[in-house]
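> Here is the input, now give the coordinates:
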Amino acid sequence: MRILVVEDERLLADTVAQGLRRDAHAVDVVHDGGAALERVGVHDYDVVVLDRDLPVVHGDEVCRAIVRHESPVRVLMLTAAAGVDDRVGGLALGADDYLPKPFAFRELAARVAALGRRSRSAAPPVLERAGVRLDPHRREVHRDGRYVPLSRKEFAVLAELLRADGAAVSAERLLEKAWDEHADPFTHAVRMAILKLRRKLGDPPIVLTEPGVGYRIP
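Coordinates of the predicted model:
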């Protein structure tokens, strides 16, 4: 998934981002509400992890803006205020989930994964096509029963191809979903990831190139 972490406590933001990246997500980080509004206006995020008490633009306003935009992005709101009224208030703004600080990263990761499944309601928990089975929770891939070790980027690319259910996925879409905002769109990162993915999945090749369109698994 493509995730935006909005947190003004920089150490906490970096810790959360690193943990989510280990789970094969593409993660961008900003530290104030104004920057958050800029990012959600540009990128197609699946989940926004949003601190409620932000400088520049308050987290409440960021949440309201996301809801007004009618985007499919899901919002997990974080706050040090853990009272019932605070949680109800956050959900009333349109947040999809609410997690008080301090929290265990395992719980945050589980909540993010659950919100991601809701944003892709048509996608099954385990993705299967052409003899390939991808389990997002165990982060395992098998082809015809054979375990296939993949890097985080290769795993994310394969997941997007499987979610497309046979349709072609553009290189731009793969770059958007599997890499963060620091990725250079003019590099050959996607092509190289596809080449490595094909090699690891083995013969016969199942990741096809649609010239001028993208890549697909028929």
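
> so how many other residues sit close to residue 214?
20 (other Cβ atoms under 10 Å). Every residue, glycine included, has its C-beta placed from N, CA and C.

> That one reaches residue 160, doesn't it?
No - using Cβ atoms under 8 Å, residue 214 makes no contact with residue 160, being 10.1 Å away.

> what is in contact with those two at once?
Here residue 214 and residue 160 share the contacting residues 169, 173, 174, scored by Cβ atoms under 8 Å, 6 or more residues apart in numbering.

> lowest-pLDDT helix or strand in this structure?
Lowest on mean pLDDT, DSSP states H and E among the helices and strands of the chain sits helix 84-92, with a mean of 71.

> tell me which element residue 72 falls in.
Residue 72 is part of no helix or strand, with elements assigned from DSSP states H and E.

> From the shared contacts of residue 214 and residue 160, pick the one nearest residue 12.
Nearest to residue 12 out of the shared contacts of residue 214 and residue 160 is residue 174 (Cβ to Cβ; 29.5 Å).

> contacting residues for the closest one?
Residue 174 is in contact with 157, 160, 161, 190, 193, 214, 215, counting by Cβ under 8 Å, 6+ apart.

> The last one: neighbour count?
With neighbours defined by other Cβ under 10 Å, the count for residue 215 comes to 24.

> Confirm it sits in a strand?
Yes - assessed with DSSP: H, G, I helix; E, B strand; the rest coil, residue 215 lies in a strand.

> Test of understanding: give the bridge partners of it.
residue 169, residue 209 (DSSP bridges).

> for stretch 134-153, how far is the first residue from the last?
Using Cα to Cα, to the nearest Å, one end of stretch 134-153 lies 14 Å from the other.
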